[in-house]
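Student: Prediction below, plus the sequence it came from.
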Amino acid sequence: MSLRERPNHSRFHASLRRAVKSLCVVIVGLSLVMTPGKAIQNTRPISYDDLPAELSGWLNQQGVNRENFAARISAIRRQTEERERIGEFDHLIFYLLQSSRFTELARIEPALSAYELVHSLGEIDRAKFLAEGSVFVPSSDKIPKTAKARINQFIAALKANRKRDDERLNYFDNLLRKTTSPILPILNVETLLSAEYLRAMRFLYRKEFASRSIKPEDLAAYVASLYQTRGHSTDTQIEANFVIHQALQVVKFSSPQTKLNQVLIVGPGLDFAPRTDLIDLFGPQSYQPFAVADSLLSLKLAEETKLQIHCVDINDRVIAHLQNLRQRSEIRLSILSGVKESAAHPIVDEYRNYFLNFGKSVGIESKLAVPDSFSAHLSKSLRIRREVVQAISAHRLNIVTERFADSLRFDLVIVTNVFPYFSPSELLFALTNISAMTATDGYLIHNELQTVPSNFVNALGLPLRQARTVMITSDKAAPLFDGVAIHQKTPRL
Ligand SMILES: C[S@@+](CC[C@H](N)C(=O)[O-])C[C@H]1O[C@@H](n2cnc3c(N)ncnc32)[C@H](O)[C@@H]1O
């Protein structure tokens with residue numbers, strides 16, 4: 001019921017309320033100007049009543065109803081924690097196999113190590129190891145010699161306990177200290193690393209090789225099921241932001257006066273230890289907040305004095321990285337494209353131009369010195385202006401289970417490479433939270449054309465407005481594409 005509908009309301013109370021409301025608006029406005037990127041404190045869990053009533057039948061088929069909803073949310077929280085733990089150990093194993101910061105041994109491509117391991121197993125053990133939901137673990141003697149040698153060098157580097165300037169190695173050292181017993185730490189570390197190596201290789205083999213024997217019509221469902229249960233990864237590449245830029249160009253073209261000053265990025269990620277092509281010439285970096293700011297400012301979709309980029313993530317390492325940016329004396333991004341250019345994989349002009357112009361609205365660029373082995377990547381160094389860093393804030397929030405309770409609504413929500421980690425019902429919960437936090441006429445932009453069902457977004461008042469695929473490299477055999485979808489929040493009826 002609105003204030004005006006209440007029968008016993010005196011005019012005095014109504015005008016007092018209006019005065020308080022305007023004062024609040026002024027205070028909120030002032031605090032945004034004075035403390036850009038201000039942390040938002042209040043969150044609240046999703047409730048069953050937040051979900052669209054018209055999807056209750058579908059939810060019921062998924063085993064979700066009013067009675068078990070709270071238990072379901074608690075279970076998602078617990079599973080998220082476990083998937084976070086697994087994800088951090090995946091990153092550790094990928095680092096251990098590829099990094100040159102603690103050993104001179106040749107780097108190992110993790111998927112090839114998985115192949116070597118699986119093909120060293122007898123037929124019965126191989127089938128047991130790869131079976132769906134299997135807990136069978138082969139003996140650690142089966143770990144390929146090359147991987148074993150790297151595990152040993154990694155442990156030796158930890159034992160040496162030298163002062164190191166490698167943020168990744170320090171992080172993994174702390175992670176292991178927290179996980180293993182202080183009584184027999186090194187023995188435990190070796191056992192733990194062997195077990196984590198075997199677990200990580202099982203996932204990689206199933207994704208990269210076992211998937212090849214799946215019928216084409218079942219492949220998407222197979223890969224989707226792997227992602228919905230795997231460990232959470234924080235991997236990020238600059239390419240993810242190219243499609244966002246393309247989408248924002250569409251918004252600018254179709255609605256030139258739009259201003260998108262309040263922005264939410266769900267899962268900005270941190271380039272820490274990807275499962276392939278680890279580049280650890282530079283420390284860990286998060287690109288998306290800067291890339292989104294750059295696109296909005298260059299397209300004049302936001303004003304620098306008003307722009308606020310709020311980032312939410314479930315990973316403490318990502319949050320800590322973003323929160324610590326403000327304390328640093330200088331923020332310099334060392335940017336290498338994820339894609340490499342070659343005659344067989346030509347980079348399309350649109351992506352090259354995006355990369356060339358990237359960062360001009362948020363910083364000052366210079367040439368990036370990289371070894372010859374990286375000459376096929378596009379590269380640049382970018383010193384970010386302090387005002388831009390000040391506009392970025394980061395908060396721990398699980399988009400599936402909770403939302404900000406503040407009245408602040410976002411003009412733009414960006415989500416790339418996050419939705420595939422959610423089961424269909426988790427995706428509905430996440431979209432419900434996103435829709436509630438999006439301002440009327442505000443946008444949701446994501447890159448999962450296949451993953452987001454139209455009945456979800458229509459029921460949530462976030463219908464699809466535009467969608468397109470975008471080419472990044474134009475190889476004849478296997479061009480590299482990404483997709484982008486633009487949804488717009490409709491006014492409440
Ligand atoms: C694969 S990374 C993608 C990073 C970046 N968006 C990109 O496209 O390059 C996924 C990120 O989403 C975060 N994430 C996963 N599930 C989440 C959830 N339920 N709520 C918030 N963040 C989540 C992960 O911690 C990680 O940082």
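Tutor: Done, it's in.
Student: what's the burial count for the closest residue to the ligand within the stretch 51-200 of the chain?
Tutor: Relative to the ligand, the nearest point of the stretch 51-200 of the chain is T80 (6.3 Å; Cβ to the nearest ligand atom). For the C-beta atoms, the positions are set from N, CA and C on the backbone; glycine is no exception. Using other Cβ atoms under 10 Å, T80 has 17 neighbouring residues.
Student: ok, now which ones touch it?
Tutor: Residues near T80 by Cβ atoms under 8 Å, 6 or more residues apart in numbering: H232, I314, N398, V400, T401.
Student: Mind doing that once more with 10 Å?
Tutor: Taking Cβ atoms under 10 Å, 6 or more residues apart in numbering, we find T80 in contact with H232, I314, N398, V400, T401, Y421, E426.
Student: where's the first one, which helix or strand?
Tutor: H232 is located outside every helix and strand, with elements delineated by DSSP states H and E.
Student: For the spatially closest residue to G359 that is not a sequence neighbour, give the beta-bridge partners.
Tutor: Among residues not flanking G359 along the chain, L382 sits closest, at 4.2 Å (Cβ to Cβ, 6 or more residues apart in numbering). Applying DSSP bridges to L382 gives these bridge partners: L333, E365.
Student: List the contacts of stretch 208-218.
Tutor: Residues contacting stretch 208-218 (Cβ under 10 Å, 6+ apart): 110-112, 114-115, 118-119, 130, 202, 204-205, 219-223, 226, 275-276.
Student: Of those, keep whichever come out buried.
Tutor: P110, A111, A114, Y115, V118, L130, R202, L204, Y205, R275 (16 or more other Cβ atoms under 10 Å).
Student: Which parts of this structure are strands?
Tutor: Taking DSSP state E as the criterion, the chain contains strands spanning 43-45, 262-266, 308-313, 332-340, 363-366, 377-384, 392-396, 402-404, 410-415, 438-446, 464-473, 480-488.
Student: Just the endpoints, please. Distance across stretch 411-421?
Tutor: Criterion Cα to Cα, to the nearest Å; first-to-last residue distance in stretch 411-421 is 25 Å.
Student: Check stretch 327-342 too.
Tutor: First-to-last residue span, stretch 327-342, Cα to Cα: 40 Å.
Student: What of stretch 361-374?
Tutor: Taking Cα to Cα as the measure, stretch 361-374 stretches 26 Å from start to finish.
Student: tell me the mean pLDDT for it?
Tutor: Mean pLDDT, stretch 361-374: 93.
Student: Show me which residues of that stretch are buried.
Tutor: S361, V362, G363, E365, L368, V370.
Student: Please tell me I have it right and the second one contacts A302.
Tutor: So the one you mean is V362. No: contact criterion Cβ atoms under 10 Å: V362 and A302 do not qualify, at 11.2 Å.
Student: who touches both of those two?
Tutor: With Cβ under 10 Å, 6+ apart as the test, V362 and A302 both reach V292, A293, S295, L296, A391.
Student: Tell me the residues of the stretch 351-493 of the chain that contact the ligand?
Tutor: N398, I399, V400, T416, N417, V418, Y421 (Cβ under 6 Å from any ligand atom).
Student: Is it possible to get JSON lines of these that adds distance to N324 and neighbour count?
Tutor: Below are these laid out as JSON lines (distance: Cβ to Cβ, whole Å; neighbours: other Cβ atoms under 10 Å):
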{"residue": "N398", "distance to N324": "21", "neighbour count": "22"}
{"residue": "I399", "distance to N324": "22", "neighbour count": "26"}
{"residue": "V400", "distance to N324": "26", "neighbour count": "25"}
{"residue": "T416", "distance to N324": "23", "neighbour count": "24"}
{"residue": "N417", "distance to N324": "23", "neighbour count": "18"}
{"residue": "V418", "distance to N324": "22", "neighbour count": "23"}
{"residue": "Y421", "distance to N324": "25", "neighbour count": "22"}
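Student: Export these to JSON lines and append columns for distance to V263 and pLDDT.
Tutor: Listed next are these as JSON lines, based on distance: Cβ to Cβ, whole Å; pLDDT from 0 to 100:
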{"residue": "N398", "distance to V263": "19", "pLDDT": "98"}
{"residue": "I399", "distance to V263": "15", "pLDDT": "98"}
{"residue": "V400", "distance to V263": "20", "pLDDT": "98"}
{"residue": "T416", "distance to V263": "13", "pLDDT": "97"}
{"residue": "N417", "distance to V263": "17", "pLDDT": "95"}
{"residue": "V418", "distance to V263": "15", "pLDDT": "97"}
{"residue": "Y421", "distance to V263": "22", "pLDDT": "95"}
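Student: Widest-spaced pair of those?
Tutor: N398 and T416 (17.4 Å; Cβ to Cβ).
Student: Quick check: closest non-adjacent residue to F355.
Tutor: With Cβ to Cβ, 6+ apart as the criterion, F355 has its nearest non-adjacent residue at 4.6 Å, and that residue is L378.
Student: Can you pull out the low-pLDDT segments for this structure?
Tutor: Low-confidence segments of the chain (pLDDT under 70): 1-41, 162-163, 181-187, 492-493.
Student: Quick check: P420 touching Q228?
Tutor: Yes: between P420 and Q228 there is a contact under Cβ under 10 Å: 7.5 Å.
Student: Which helix runs longest in the chain?
Tutor: The helix spanning the most residues in the chain, taking DSSP state H as the definition, is helix 69-98.
Student: Buried ones in that one, by neighbour count?
Tutor: Within helix 69-98, the residues that count as buried by 16+ other Cβ under 10 Å are 69, 72-73, 76, 80, 83-84, 86-98.
Student: Can you give me the neighbour number for the residue lying closest to L92 once chain neighbours are set aside?
Tutor: The shortest distance from L92 to any non-neighbouring residue, by Cβ to Cβ, 6+ apart, is to F172 (4.9 Å). Neighbour count of F172, defined by other Cβ under 10 Å: 26.
Student: got a list of what F172 touches?
Tutor: 88-89, 91-93, 95-96, 99, 102, 154, 157-158, 166, 193, 272-273.
Student: I238 against I279, yeah?
Tutor: No: between I238 and I279 there is no contact under Cβ under 10 Å: 11.7 Å.
Student: which of those two has more neighbours?
Tutor: Relative neighbour count places I238 above the other of I238 and I279, with 26 against 16, counting by other Cβ under 10 Å.
Student: So the nearest residue to that one once chain neighbours are set aside versus S337, what's the distance?
Tutor: For I238, ignoring the flanking residues on the chain, the nearest one in space by Cβ to Cβ, 6+ apart is Y287 at 5.3 Å. Y287 sits 11 Å away from S337, going by Cβ to Cβ, to the nearest Å.
Student: Appreciated, that's everything.
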